[in-house]
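>>> Give the three-dimensional model of this entry:
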Amino acid sequence: MRILVIGKGGREHTIIWALKKSSRVERIYCAPGNAGISELAENVPIKENEFDKIAQFALDYAIDLVVVGPEDPLAAGIVDYLEERNIPVFGPRGNAAIIEGSKVFTKELLQKYKIPTAAYESFESYEPALAYVRKQGAPIVIKADGLAAGKGVIVAQTLAEAEKALQDIMVDKVFGEQGSQVVIEEFLQGQEMSILSFVDGNVVRPMVPSQDHKQIFDEDKGPNTGGMGTYSPLPHIPQSVIDEAIETIIKPTAEAMVKEGRSFRGVLFAGLMITENGPKTIEFNARFGDPETQVVLSLLETDLLDIFLATINGRLQDMDIQWSGDTAVCVVLASGGYPGSYPKGVPIYGLDEVQDSVVFHAGTTHKDGQVVTDGGRVLGVTARGASIMEARAKAYADVERIRFEGMQYRADIALKALR
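Take a look at the predicted model:
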């Protein structure tokens, strides 16, 4: 089969890496791809939002399946666009991708169907939102309604931080129209957990759980990022808690979307908090997470192409999906200055010295024959082992072999599991 993957990050690199294992895959293209992806697939100079060019390429090159990685084209309806042209595509339609595209929609859905989540209010105007925050106090969570590249959520520890977040989002429009509404939530305490699931309507097939590290610095300090590292599975979280999250949150949400006429088909990503009162929903995403995909797909033993095809053809319920008993750890290497402004075009050294990890490229490109940085999160160094300690040791040993000016990373990925 000939496959076209849409995207250019670590998630897409990992999806392609996993698809390459399938004996049924003849050739993979990626639009637009990155330097690491070019070693496994043919990069195509088409942007994720150029639907017409993507469709024409799929038709011209007899593509058998399009796999959509990022949230922006999903929310904009790329799946509907391709399906209308009889191009097979993996991912949710636009009316289902709204579960990530609008936090207000998601909170109202969860409230309507009594699915556990944080208490909240939503606002379209700055002054009422500010008054609510001052009444509630801190810590408190401020969320831009729309897509904001993983940076539209501010966990404000002080009232001053909350007020600044509202000013940034609603007045200064740092996220543009994506911040025309905000959701203000109670602050939940506990362990975070991510569960990605293959979903086709009412059929839910959960993947192994993982835990992301959102803040830029060790010990969960500093501003949120798109994710600085992750690991899977989670030996310190009881299986009973994981099962409870699946039965009380993920499955009911998939069923609620069907009832709302928004049947979800693709990967549903549940961001959860394990509180004293059980699992609660932080957010839903409509696609594979990044960097969760790097560890989760590293542990997948079933052919990923078979799962994709079963999902879009209504056969997911017949799939027996198998996972390795190993552990995987991913450490993200980021550009200096991230998640603020950062340079691009910085040469990367040591990639050929890596020994025990797979390095998934997130923000890289080629310049004068050299792999250089091209984003905030640059690489995801991912290793497998029989235990968290073994996988961590392998990943961090290979992190030490990679060098670029300004490189920063967290040194505490997966330590929560060991504590």
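
>>> Low-confidence ranges, the chain, go.
For the chain, applying pLDDT under 70 flags the ranges 149-150.

>>> what about the helices in it?
10-19, 51-60, 71-75, 78-83, 94-101, 103-112, 126-136, 159-166, 239-245, 251-259, 292-296, 304-312, 388-399, 415-418 (DSSP state H).

>>> export these to JSON lines and tack on mean neighbour count and distance to M193?
For every residue, glycine as well, the C-beta is placed using N, CA and C. Output for these, formatted as JSON lines (neighbours: other C-beta atoms under 10 Å; distance: least, C-beta to C-beta, whole Å):
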{"stretch": "helix 10-19", "mean neighbour count": "27", "distance to M193": "19"}
{"stretch": "helix 51-60", "mean neighbour count": "16", "distance to M193": "34"}
{"stretch": "helix 71-75", "mean neighbour count": "22", "distance to M193": "20"}
{"stretch": "helix 78-83", "mean neighbour count": "20", "distance to M193": "27"}
{"stretch": "helix 94-101", "mean neighbour count": "23", "distance to M193": "18"}
{"stretch": "helix 103-112", "mean neighbour count": "18", "distance to M193": "17"}
{"stretch": "helix 126-136", "mean neighbour count": "15", "distance to M193": "25"}
{"stretch": "helix 159-166", "mean neighbour count": "18", "distance to M193": "25"}
{"stretch": "helix 239-245", "mean neighbour count": "15", "distance to M193": "7"}
{"stretch": "helix 251-259", "mean neighbour count": "19", "distance to M193": "15"}
{"stretch": "helix 292-296", "mean neighbour count": "30", "distance to M193": "11"}
{"stretch": "helix 304-312", "mean neighbour count": "20", "distance to M193": "22"}
{"stretch": "helix 388-399", "mean neighbour count": "20", "distance to M193": "15"}
{"stretch": "helix 415-418", "mean neighbour count": "16", "distance to M193": "11"}
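
>>> what about those helices, which gets the closest to G201?
helix 251-259 (5.4 Å; C-beta to C-beta).

>>> Please put the alpha-carbon coordinates of the closest one into PDB.
What follows is helix 251-259, C-alpha atoms only, in PDB (Å, rounded to 0.1, in the frame of the first residue of the first chain):
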ATOM      1  CA  LYS A 251     -16.100   5.100  26.800                       C
ATOM      2  CA  PRO A 252     -18.900   7.400  27.900                       C
ATOM      3  CA  THR A 253     -17.300  10.200  25.900                       C
ATOM      4  CA  ALA A 254     -17.200   8.200  22.800                       C
ATOM      5  CA  GLU A 255     -20.800   7.100  23.300                       C
ATOM      6  CA  ALA A 256     -21.800  10.800  24.000                       C
ATOM      7  CA  MET A 257     -20.200  11.900  20.700                       C
ATOM      8  CA  VAL A 258     -22.300   9.200  18.800                       C
ATOM      9  CA  LYS A 259     -25.500  10.500  20.600                       C
END
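
>>> neighbouring contacts of that helix?
By C-beta atoms under 8 Å, 6 or more residues apart in numbering, the surrounding residues in contact with helix 251-259 are 96, 99, 109-110, 112-113, 115, 197, 199, 201-204, 263-264, 268, 270, 281, 284.

>>> Can you name the residues that contact M207?
Neighbours of M207 in contact, by C-beta under 8 Å, 6+ apart: I195, L196, S197, F198, V296, L300, I321, W323.

>>> neighbour-wise, which of these leads?
Within the contacts of M207, V296 tops the neighbour count with 27 neighbours, counted by other C-beta atoms under 10 Å.

>>> That one against D212, yeah?
No: using C-beta atoms under 8 Å as the test, V296 is too far from D212 to be in contact (11.2 Å).

>>> what's the closest non-adjacent residue to G137?
Excluding its sequence neighbours, the residue lying closest to G137 (C-beta to C-beta, 6 or more residues apart in numbering) is L159, at 6.3 Å.

>>> mind listing what that neighbour touches?
Contacts of L159 (C-beta under 8 Å, 6+ apart): V133, R134, G137, A138.

>>> which one of those residues sits closest to A75?
Using C-beta to C-beta, these come closest to A75 at V133, 27.1 Å.

>>> State the distance from that closest one to I154.
11 Å (C-beta to C-beta, to the nearest Å).

>>> Overlap of the contact sets of these two?
Contacts common to V133 and I154, judged by C-beta under 8 Å, 6+ apart, are I142, A162.

>>> Quick one: the strands in the stretch 201-350 of the chain, in order.
203-206, 211-212, 215-217, 221-224, 229-232, 265-275, 278-285, 327-334 (DSSP state E, counting those that start in this stretch).

>>> So what touches the third one?
Judged by C-beta under 8 Å, 6+ apart, the contacts made with strand 215-217 from elsewhere in the structure are K221, G222, P223, N224, T225, M228, A334, Y338, P339, Q408, R410.

>>> And the fourth one, by the same measure?
Counting by C-beta under 8 Å, 6+ apart, the neighbours of strand 221-224 from elsewhere in the structure are G150, K151, V153, I154, V155, K214, Q215, I216, P339.

>>> who's in contact with stretch 361-378?
Residues outside stretch 361-378 that contact it (C-beta under 8 Å, 6+ apart): 9-10, 13, 34-38, 225-228, 290-291, 332-335, 338-339, 342-348, 351, 379-380, 404, 407.

>>> still on that earlier bit, rebuild the contacts of L159 as CSV, extending it with distance to Q56.
CSV is the format used below for these (distance: C-beta to C-beta, whole Å):
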residue, distance to Q56
V133, 48
R134, 53
G137, 54
A138, 51
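
>>> Quick check: the farthest pair among those residues?
Once C-beta to C-beta is applied, those give R134 and A138 as the farthest pair, at 9.8 Å.

>>> Just put the strands of the stretch 201-350 of the chain in a markdown table and tack on mean neighbour count.
Output for the strands of the stretch 201-350 of the chain, formatted as a markdown table (neighbours: other C-beta atoms under 10 Å):
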| stretch | mean neighbour count |
| --- | --- |
| strand 203-206 | 20 |
| strand 211-212 | 23 |
| strand 215-217 | 17 |
| strand 221-224 | 14 |
| strand 229-232 | 29 |
| strand 265-275 | 23 |
| strand 278-285 | 21 |
| strand 327-334 | 28 |
